[in-house]
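> Fold the following.
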Amino acid sequence: MSHRPAWAPDEIDLERPAPARMYDYYLGGSHNFAADRELAEKALGAWPELPQVTRANRAFLRRAVTFLAREGITQFLDLGSGIPTVGNVHEIVAALNPKARTVYVDSDPVAVSHSRVLLADTPNARFVHADMRDPARVLADPALDGFLDFNEPVAVLMFAVLHFVPDVDDPAAIVAAYREPSAPGSYLAVSHATRDYLPERSRDLEQVYSRSSATMTMRSHAEITALMSGYALVPPGLTDMTRWRPDEENALPDPLGGDVERYSGYGAVGRRE
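Got it, this is the predicted structure:
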């Protein structure tokens, strides 16, 4: 029987690995359990570069959110936000506009617990405990009422979450359900794992995640593009996430030498016309 840390909510099944806590492990975090670490190590056996991939995803998030804030977006809905880490969305946008508002959404109890502690004294950010695959539930949550105004442009963020939505759950319909109530001038930002470069390794990684609380479905460039239907992609479109508007002035050396195959992740930002 696994030891339950004092910070672990009672409702968590310590024996069932969860992608959010595995992600935390890749980033060097401490909010994960033995089962998460065990499966994460198997994932690293299939894809040793996962720590670099997760950091590249966070770097893409920073660039995309900075772009959106500079475009004048003041409302952010971060779906599948995960366990809080350095450089959260509300912190990025506050540096550019202290009045910007952020709502985080996640279903993992550890993410819920730590996010609520983090945001307790942050008036411009709120947290919703819900599954992003249930847009009606998310959009009807009282935390959004009077806080996010969908009659004004809003940025919907889906970083590294859609590949945890299987085809049977109709990810395109989920994206559309968040798009439809949003005003013209709203945005969608997405990062998504792809099988385009290394299909055999991709299948191995998907097999590992089949043992977690959320299966993984790595998709092709065309499939991910289709998920963003209804949005006009801003240049450079859907591209390797390390190549989406790189911050060349402040960039650190690429730990993978610019090898997009080992990252195998696309990123894009689209605008609703």
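
> Please make it C-alpha for all contacts and neighbour counts, starting now.
OK.

> In terms of helices and strands, where is Trp269?
Slight slip there: residue 269 is Val, not Trp. Taking DSSP states H and E as the criterion, Val269 maps to strand 265-271.

> Show the residue spans covered by the strands in the stretch 1-150 of the chain.
75-79, 101-106, 125-129 (DSSP state E, counting those that start in this stretch).

> Switch those strands over to TSV; also include mean pLDDT and distance to Leu198.
Below are these laid out as TSV (pLDDT from 0 to 100; distance: least, Cα to Cα, whole Å):
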stretch	mean pLDDT	distance to Leu198
strand 75-79	98	27
strand 101-106	96	29
strand 125-129	94	35
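
> Could you export the ones you listed as TSV, including mean neighbour count and distance to Glu248?
Compiled in TSV, the strands of the stretch 1-150 of the chain are given as follows (neighbours: other Cα atoms under 10 Å; distance: least, Cα to Cα, whole Å):
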stretch	mean neighbour count	distance to Glu248
strand 75-79	26	26
strand 101-106	24	27
strand 125-129	22	30
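
> Tell me how many other residues surround the closest residue in space to Asp196 that isn't next to it in sequence.
Sequence neighbours aside, Ser220 is the residue nearest to Asp196 in space, at 5.5 Å (criterion: Cα to Cα, 6 or more residues apart in numbering). Using other Cα atoms under 10 Å, Ser220 has 17 other residues around it.

> show me what contacts Ser220?
194-196 (Cα atoms under 8 Å, 6 or more residues apart in numbering).

> Buried only: go through these for me.
Buried subset of those (neighbour count, 16 or more other Cα atoms under 10 Å): 194-195.

> related to what we said a few turns ago, out of the strands of the stretch 1-150 of the chain, nearest to Ile174?
strand 75-79 (11.3 Å; Cα to Cα).

> Below-threshold pLDDT in the stretch 1-150 of the chain: ranges please.
1-14, 86 (pLDDT under 70).

> in it, which spans are helices?
19-26, 34-46, 50-70, 89-94, 109-119, 135-139 (DSSP state H, counting those that start in this stretch).

> In TSV: the contacts of Ser220, plus distance to Leu44 and pLDDT.
Shown next, in TSV, are the contacts of Ser220 (distance: Cα to Cα, whole Å; pLDDT from 0 to 100):
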residue	distance to Leu44	pLDDT
Thr194	17	98
Arg195	16	98
Asp196	19	98
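
> any idea which of the contacts of Ser220 is the one closest to Ala94?
Thr194 (31.6 Å).

> is it possible to export the strands of the stretch 1-150 of the chain to JSON lines including distance to Gly45?
Shown next, in JSON lines, are the strands of the stretch 1-150 of the chain (distance: least, Cα to Cα, whole Å):
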{"stretch": "strand 75-79", "distance to Gly45": "28"}
{"stretch": "strand 101-106", "distance to Gly45": "27"}
{"stretch": "strand 125-129", "distance to Gly45": "32"}
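
> between those strands, which gets nearest to Leu227?
Using Cα to Cα, the nearest of those to Leu227 is strand 75-79, at 15.2 Å.

> Remind me what that closest one packs against, helices and strands.
strand 101-106, strand 155-159 (3 or more Cα pairs under 8 Å, 6 or more residues apart in numbering; DSSP states H and E).

> contacts for the longest one?
Going back to what we said before, that points to strand 101-106. 74-82, 89-90, 112, 124-132, 138, 143-144, 147-148.
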